[in-house]
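1. Show me how the following folds:
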Amino acid sequence: MKRILLGTLLAAVSINAFAEAPGGPNCGWGNMLFKGQRGGVAHFLASTTNGTSGNATFGMTSGTNGCSTNGTLTYGGKPMIALNGMMDELSEDMARGDGEALTTYAVVLGVAPEDRAHFASVTQQHFSEIFSSSDTTSVEVYSATLAVLKQDPQLAKYSNPV
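-> Okay, here's the model as predicted:
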């Protein structure tokens, strides 16, 4: 049980370790303590120091600790939706216009229950656009789905990634 808890904690904290921190890249005591160091361990320790003491949050509100809220936050990672484990099932369900994987995909995209039947119908109609080839990646499926949703008046509200 302790291993699961520790693994979950490390996974949750490490998500923040590789992103530019809110408040800027120089924000917080962790960045001050580990200044000039590189690698995952240094980023992890800096992020943990900033997160556990709350000093980065204080710095952003007070303008101290090297923090600034003037910059634009960015995200250079992949979409937060991971389809790799269900691509085959999703393609089959989408081609059919119904199924558990398609419903799960709709839920993950935030499609309200009252719009899911329409979602299934629209994605089925645009199946060849969403799954444009047999080796389409999950990121391509996700992007193509958002493009299809954006074109539909009823589903356009779901086309902005969360």
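
2. domains for this protein, by residue range?
-> 2-62, 84-158 (automatic domain parsing).

3. For these, give me TSV that also has mean neighbour count.
-> Placement of C-beta: from N, CA and C, glycine included. Output for these, formatted as TSV (neighbours: other CB atoms under 10 Å):
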stretch	mean neighbour count
domain 2-62	15
domain 84-158	16
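
4. Which of these has the lowest mean pLDDT?
-> Set side by side, these give their lowest mean pLDDT on domain 2-62, at a mean of 63.

5. quick one, what contacts Met86?
-> 101, 104-105 (CB atoms under 8 Å, 6 or more residues apart in numbering).

6. where do the helices sit along this protein?
-> 2-17, 29-33, 40-53, 55-62, 87-96, 100-108, 116-125, 127-130, 138-151 (DSSP state H).

7. right, and these - which one's nearest Lys157?
-> helix 138-151 (8.4 Å; CB to CB).

8. Against which helices or strands is that closest one packed?
-> Other helices and strands packing on helix 138-151, by 3 or more CB pairs under 8 Å, 6 or more residues apart in numbering; DSSP states H and E, are helix 87-96, helix 116-125, helix 127-130.

9. To Met60, which of the ones you listed lies closest?
-> That would be, of those and by CB to CB, helix 116-125, which comes in at 38.3 Å.

10. Give me the residues contacting that closest one.
-> By CB under 8 Å, 6+ apart, helix 116-125 touches 94-98, 102-103, 106, 109, 111, 130, 145, 148-149, 152, 154-155, 158.

11. Switch the contacts of Met86 over to a markdown table; also include distance to Met86.
-> Conversion of the contacts of Met86 to a markdown table gives the following (distance: CB to CB, whole Å):
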| residue | distance to Met86 |
| --- | --- |
| Ala101 | 5 |
| Thr104 | 7 |
| Tyr105 | 8 |
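
12. related to what we said a few turns ago, need the domains of the chain in CSV (columns: distance to Thr69).
-> Listed next are the domains of the chain as CSV, based on distance: least, CB to CB, whole Å:
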stretch, distance to Thr69
domain 2-62, 5
domain 84-158, 27
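
13. Thanks a lot, see you next time.
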